[in-house]
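In: pasting the sequence and the predicted model now:
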Amino acid sequence: MNPVPQERLPVLGLMLGDAAGVGPEICARILADRRMVDAAQLVVIGDARVLEQGARDAAVSIAFIAYGAPEDIDWTRPEIALIDLHNLDPGSIPRAAVSPESGRICGETLAYIIRLALQGRLEGIVFAPLNKAALHGGGFDFHDEHQMFAHLTAHRSAFGEMNVIDGLWFSRVTSHVSLREALDQISIERIDQALTLADRTMRGAGLDSPRIAVAALNPHGGENGLFGREEIEIIAPAVAQAARRGIGCRGPFPADTVFLKAFAGEYDGVLSMYHDQGQIATKLKGFQRGVTVTAGLKIPFATPAHGTAFDIVGKGIAATGALEQAVRLCARLSASARINSGRSEAAAPIPIGS
């Protein structure tokens with residue numbers, strides 16, 4: 001198996017998302033007019049019938065060539081490159097509704113794409129929106145796709161979800177768990193890991209010296225212990241520990257003002273303590289522009305931060321901005337990973353079973 005050539009754009013696998021949602025539509029639209037050809041070489045991996053339905057929804061014409069493997073693709077041709085798994089007839093599932101069958105196919109398709117990436121045949125993975133309930137109903141028993149990706153890549157160390165909007169990066173210490181459980185999970189070690197992960201990922205995207213603001217947990221930052229001592233006993237020591245290791249972090253700052261500091265340009269990112277603390281701010285900032293990445297894994301993953309948008313399926317009005325940004329961000333992360341792997345003996349493709 002030949003390694004990926006170093007002189008060209010990254011080869012990214014594009015997964016069409018949940019076929020019951022707007023994923024196929026937005027993928028078809030950005031593929032039809034070739035608007036991403038300056039960012040990456042995209043190969044669609046999924047069912048040709050799903051892509052064709054997306055083209056009908058988007059009211060665009062598409063031409064594609066089916067290939068057996070990424071290394072067979074003739075990138076000089078203008079047609080869409082497709083690896084047709086022929087694994088889902090979109091007419092067999094309900095549209096605009098949670099479908100365990102569609103969730104199962106999404107999970108199996110992503111597992112197939114991940115195998116290709118682990119073998120060095122793809123450099124990154126972009127996927128249109130998934131539905132967590134559908135994935136779970138389809139047999140993928142994980143809280144979210146990030147846990148699924150870590151499992152499928154046999155990842156054993158820290159990883160996490162990060163959101164990117166307008167060049168600002170947002171991460172969190174805890175993720176898809178109840179708020180009560182999240183409070184129990186916050187520790188010096190987890191905060192330090194989250195800051196390390198955020199700093200490394202942001203550097204991989206091209207930020208030389210990321211500036212990270214850390215949110216407090218309690219109202220008004222705890223008011224010197226009056227409203228809780230987590231800031232004094234956990235968060236501040238973790239920030240100081242990370243700063244001593246060279247990470248450009250400060251805090252904790254009260255959560256009701258920390259995002260204003262980032263939006264004003266004082267910081268490149270914010271580390272929240274729990275899911276909604278950060279998600280509310282970022283989605284208010286620009287729900288249709290945000291990108292989600294899975295930080296810490298050996299493969300770059302990126303997806304629009306919005307969901308499957310069942311309320312507008314089939315109307316031809318789904319916006320593509322977040323998907324376009326996901327492609328560009330994944331391409332940057334992939335290019336950085338290529339450069340870094342070229343400096344290490346660990347750059348060889350990882351063989352896995354079929």
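Out: That came through, no problem.

In: can you give me the strands for the stretch 51-200 of the chain?
Out: Taking DSSP state E, counting those that start in this stretch as the criterion, the stretch 51-200 of the chain contains strands spanning 64-66, 80-84, 124-127, 160-165, 168-172.

In: deepest-packed of those, please.
Out: strand 124-127 (a mean of 27; mean count of other CB atoms under 10 Å). All C-beta spots, glycine's among them, are computed from the backbone N, C-alpha and C.

In: need the strands of the stretch 51-200 of the chain in CSV (columns: distance to residue 296).
Out: CSV is the format used below for those (distance: least, CB to CB, whole Å):
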stretch, distance to residue 296
strand 64-66, 33
strand 80-84, 27
strand 124-127, 14
strand 160-165, 6
strand 168-172, 10
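
In: just the pLDDT at residue 5, thanks.
Out: Looking at residue 5, its pLDDT reads 43.

In: again, but for the one 3 residues further on
Out: In the predicted model, residue 8 carries a pLDDT score of 82.

In: any idea how far residue 322 is from the residue in the chain sticking out farthest from the centre?
Out: Distance from the C-alpha centroid of the chain peaks at residue 226, with 38.0 Å (CA atoms, centre = their mean). Note on residue 226: its distance to residue 322, by CB to CB, to the nearest Å, is 41 Å.

In: which residues are contacting stretch 201-208?
Out: With contact meaning CB atoms under 8 Å, 6 or more residues apart in numbering, stretch 201-208 is reached by 162, 164, 169, 210, 212, 268-269, 293, 295-296, 329, 332-333, 336-337, 340.

In: how about a cut-off of 6 Å?
Out: Applying CB atoms under 6 Å, 6 or more residues apart in numbering, the external contacts of stretch 201-208 come out as 169, 210, 268, 295, 332-333, 336.

In: just those residues: which are in strands?
Out: 169, 295 (DSSP state E).

In: which residues touch residue 195?
Out: Counted by CB under 6 Å, 6+ apart, residue 195 has contacts 242, 247, 249.

In: is it possible to get TSV of those residues that adds neighbour count, secondary structure and pLDDT?
Out: Formatted as TSV, the contacts of residue 195 follow (neighbours: other CB atoms under 10 Å; DSSP: H, G, I helix; E, B strand; the rest coil; pLDDT from 0 to 100):
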residue	neighbour count	secondary structure	pLDDT
242	24	helix	98
247	19	coil	98
249	26	strand	98
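
In: of the residues you listed, which is the nearest to residue 76?
Out: Residue 76 lies nearest to residue 247 out of the contacts of residue 195, by CB to CB, at 43.8 Å.

In: wait, the closest one touches residue 199, no?
Out: Yes - using CB atoms under 6 Å, residue 247 is in contact with residue 199, at 4.7 Å.

In: next, the distance between the ends of stretch 300-310.
Out: Counting by CA to CA, to the nearest Å, you get 27 Å between the two ends of stretch 300-310.

In: from the rest of the structure, what touches stretch 67-75?
Out: Against stretch 67-75 from outside (CB under 6 Å, 6+ apart): 41, 43, 81, 83, 121-122.

In: if we can go back for a sec, dump the strands of the stretch 51-200 of the chain to CSV, plus mean pLDDT and distance to residue 188.
Out: Shown next, in CSV, are the strands of the stretch 51-200 of the chain (pLDDT from 0 to 100; distance: least, CB to CB, whole Å):
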stretch, mean pLDDT, distance to residue 188
strand 64-66, 98, 51
strand 80-84, 98, 45
strand 124-127, 98, 32
strand 160-165, 94, 16
strand 168-172, 97, 16
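
In: wait, which of those is closest to residue 15?
Out: strand 124-127 (3.9 Å).

In: direction included, what does the closest one pair against?
Out: Here strand 124-127 is paired, per DSSP bridges, with strand 11-15 (parallel), strand 301-304 (parallel).

In: the strands of the stretch 51-200 of the chain: which one's closest to residue 144?
Out: strand 160-165 (7.3 Å).

In: could you say what helices and strands the closest one packs with?
Out: strand 168-172, helix 275-286, strand 291-295 (3 or more CB pairs under 6 Å, 6 or more residues apart in numbering; DSSP states H and E).

In: what about residue 74, distance to residue 41?
Out: Distance from residue 74 to residue 41, by CB to CB: 11 Å.

In: remind me which residues of this protein are low pLDDT?
Out: 1-7, 341-354 (pLDDT under 70).

In: kind regards, and thank you for your time.
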